[in-house]
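Undergrad: 3D model of this:
(4 chains)
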Number of protein chains: 2
Amino acid sequence: MTGPAYAVLAGALRARIVSGELAPGERLPNEQELSAEFGVGRSTVREALRSLASQDLIQTTRGVSGGSFVSVPTAAHLSAHLETGMTLMAAAERVTVGQLMSLRHLLEVPAAGEAARHRTDEQLEDLRRAEFDPAVAVGEATYAANQDFHLVLLRATGNPLLEVITAPLFRVLATRFGRDHAPDGFWSCVADDHAELHDLVAARDADGAVTAMRRHLDHLTGAYQQMDRLSRN
Amino acid sequence: MTGPAYAVLAGALRARIVSGELAPGERLPNEQELSAEFGVGRSTVREALRSLASQDLIQTTRGVSGGSFVSVPTAAHLSAHLETGMTLMAAAERVTVGQLMSLRHLLEVPAAGEAARHRTDEQLEDLRRAEFDPAVAVGEATYAANQDFHLVLLRATGNPLLEVITAPLFRVLATRFGRDHAPDGFWSCVADDHAELHDLVAARDADGAVTAMRRHLDHLTGAYQQMDRLSRN
DNA sequence: GTCATCCAAGTGTCAGACGATTGGCGGCGT
DNA sequence: ACGCCGCCAATCGTCTGACACTTGGATGAC
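TA: Residues are numbered from 1 along each chain as shown, chains lettered A, B, ... in the order given. Got it, this is the predicted structure:
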């Protein structure tokens, strides 16, 4: 009840959404109706709607069949949100490279085992496609492929939350070190690790995948911290 | 370049913030200046600002010294965001109780060890305060204390990201089962586990804390899944 | 020197108008 | 009868102008 009217309105609508009173896909009253119902101007209503929209709680379209519709945030939405937040926390030095990598260890090492156990054949195919050849040009595309490999592996665990919280971690690291010069042999080492992981997941060797992932992340940690030290001088 | 003007403007400002061009604490141009700079009306500017504000990228205050200031999202901000997102994903049945608990295992079990190693004396004191007595009234306060205990433990690891991503997990579970009837002896069992964890952390017994946390989460998993089955009938 | 008052710079809110987009409905020609 | 085209209504998107509210400093009286 306190604060600006747009915040009050946004809070009221958010409560209706998270409580399930407004079901996903359902259409909210149009802006004039909300304006009348809450006794505020349409600008105020619109500011509240923009708040909800930027949290992916609603989606607004135009036209005669348009309006604001309740939408369930997707893994990609939450992930993108976390990424910007973590990027800023990292830039503000409230989070270190070591802490980011330590979380990757916690999540990705067991995830490799899960993926080896639960993967489907299509997912294995996706994993193969996400490998890359370090002999060809190393650049933006290589970084993207590197990320994709880990992403596909996480997705193969069947737990969407793993992707939500882990993807931001390596995207933050990638954008932070994307422009720095990687040590010699770094990319071919990464490619070898990925190939080994692919084979182990293909063979459904969960223990092997866990071990390989742990070693892979150790390699990455070393490289990143080396780059980190260089960039601080 | 595409889409509504408020989205374009929000994107442009967000880019300035994440790139560091606008430093944390720095003040944005006021609404009239932004309006002039981007050639849009003030309403449009305000809608863009509300978008950024609801992502905790800026903070707006009134008065002569007011305006919009770049702000670094805190752990609590990101955590709250993740919580609403996960709540909706859980309600939409895209995430199961088992998946939530499985993530808690991945994160909290090693975290207990870290906390036992790194905790300070004040954090140990906080942990003690977060214990509760199941003999007294069991209600909202008990749930809050239960959450606090885990929160304090996570904080004692020294890695703020652990709190960011784990807190939403148990908050989602707690609000989901907060109104259900817990099995007899559930709360006293929880209290016993917490007391044991406290003692192990006090003794800096990392291995013991890891084992105790694993067992504690197994207890919780059993109880939650039992409640889940009941609530589905 | 202290306190009350006024003032300036911002954001907060409203009302009204018009443009842009979308999808359906009806008319028109064949 | 069928299909195409253009009109139309609903809704969001945007602009303008105005005024209220909040805040902190400046001003002035005592």
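Undergrad: Name the nearest residue to the residue sitting nearest the centre point of chain A, sequence neighbours excluded.
TA: Centroid check for chain A by Cα atoms, centre = their mean gives residue A:79 as the closest residue, at 2.9 Å. Nearest residue to residue A:79 in three dimensions, chain neighbours excluded: residue A:167, at 4.7 Å (Cβ to Cβ, 6 or more residues apart in numbering or on different chains). Quick note: C-beta positions are derived from backbone N, CA and C, even for glycine.
Undergrad: likewise residue A:182?
TA: Closest to residue A:182 by Cβ to Cβ, 6+ apart is residue A:223, at 6.6 Å.
Undergrad: check which helix or strand covers the residue nearest to residue A:79.
TA: Using DSSP states H and E, residue A:167 maps to helix A:160-177.
Undergrad: what packs against the helix or strand just after that helix?
TA: Following helix A:160-177 in sequence order, the next helix or strand is helix A:186-202 (DSSP H and E). Here helix A:186-202 touches helix A:97-118, helix A:121-129, helix A:140-155, helix A:206-231, going by 3 or more Cβ pairs under 8 Å, 6 or more residues apart in numbering or on different chains; DSSP states H and E.
Undergrad: Kindly present those helices as TSV, with separate columns for distance to residue A:40.
TA: TSV is the format used below for the helices and strands packed on helix A:186-202 (distance: least, Cβ to Cβ, whole Å):
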stretch	distance to residue A:40
helix A:97-118	43
helix A:121-129	48
helix A:140-155	43
helix A:206-231	49
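Undergrad: so which of those helices comes closest to DNA strand C?
TA: Checking those against DNA strand C by Cβ to the nearest atom of the strand gives helix A:140-155 as the closest, at 29.9 Å.
Undergrad: Where does whichever residue of chain A sits closest to DNA strand C sit: helix, strand or coil?
TA: Nearest residue of chain A to DNA strand C: residue A:63, at 2.4 Å (Cβ to the nearest atom of the strand). What DSSP: H, G, I helix; E, B strand; the rest coil gives for residue A:63 is coil.
Undergrad: Count the residues that sit near it.
TA: The number of residues packed near residue A:63 is 6, by other Cβ atoms under 10 Å in any protein chain shown.
Undergrad: Between helix B:97-118 and the helix holding residue A:167, find me the angle.
TA: Direction vectors for helix A:160-177 and helix B:97-118, defined by axes from the mean of the first three to the mean of the last three Cα atoms, to 10 degrees, enclose an angle of 50 degrees.
Undergrad: who does helix A:160-177 touch, helix- and strand-wise?
TA: Helix A:160-177 makes packing contacts with helix A:75-91, helix A:97-118, helix A:140-155, helix A:206-231, helix B:75-91, helix B:97-118 when contacts are defined by 3+ Cβ pairs under 8 Å, 6+ apart.
Undergrad: Which residues does it contact?
TA: A:75, A:78-80, A:82-83, A:85-87, A:90, A:97, A:100-101, A:103-104, A:107-108, A:111, A:143, A:146-147, A:150-151, A:154-155, A:224, A:227-228, B:82, B:85-86, B:89, B:94-95, B:99-100, B:103, B:165 (Cβ atoms under 8 Å, 6 or more residues apart in numbering or on different chains).
Undergrad: how about 6 Å then?
TA: Helix A:160-177 is contacted from outside by A:75, A:78-79, A:82-83, A:86-87, A:90, A:100, A:103-104, A:107, A:111, A:143, A:147, A:150-151, A:154-155, A:227, B:99, B:103, B:165, using Cβ atoms under 6 Å, 6 or more residues apart in numbering or on different chains.
Undergrad: same question, stretch A:197-210
TA: A:109, A:112-113, A:115-117, A:119, A:124, A:127, A:212.
Undergrad: what would the residues you listed look like in JSON lines with neighbour count, pLDDT and distance to residue A:161?
TA: Shown next, in JSON lines, are these (neighbours: other Cβ atoms under 10 Å in any protein chain shown; pLDDT from 0 to 100; distance: Cβ to Cβ, whole Å):
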{"residue": "A:109", "neighbour count": "19", "pLDDT": "97", "distance to residue A:161": "16"}
{"residue": "A:112", "neighbour count": "29", "pLDDT": "97", "distance to residue A:161": "16"}
{"residue": "A:113", "neighbour count": "20", "pLDDT": "96", "distance to residue A:161": "17"}
{"residue": "A:115", "neighbour count": "28", "pLDDT": "96", "distance to residue A:161": "14"}
{"residue": "A:116", "neighbour count": "25", "pLDDT": "96", "distance to residue A:161": "19"}
{"residue": "A:117", "neighbour count": "15", "pLDDT": "95", "distance to residue A:161": "17"}
{"residue": "A:119", "neighbour count": "22", "pLDDT": "95", "distance to residue A:161": "18"}
{"residue": "A:124", "neighbour count": "17", "pLDDT": "94", "distance to residue A:161": "22"}
{"residue": "A:127", "neighbour count": "22", "pLDDT": "92", "distance to residue A:161": "20"}
{"residue": "A:212", "neighbour count": "22", "pLDDT": "97", "distance to residue A:161": "23"}
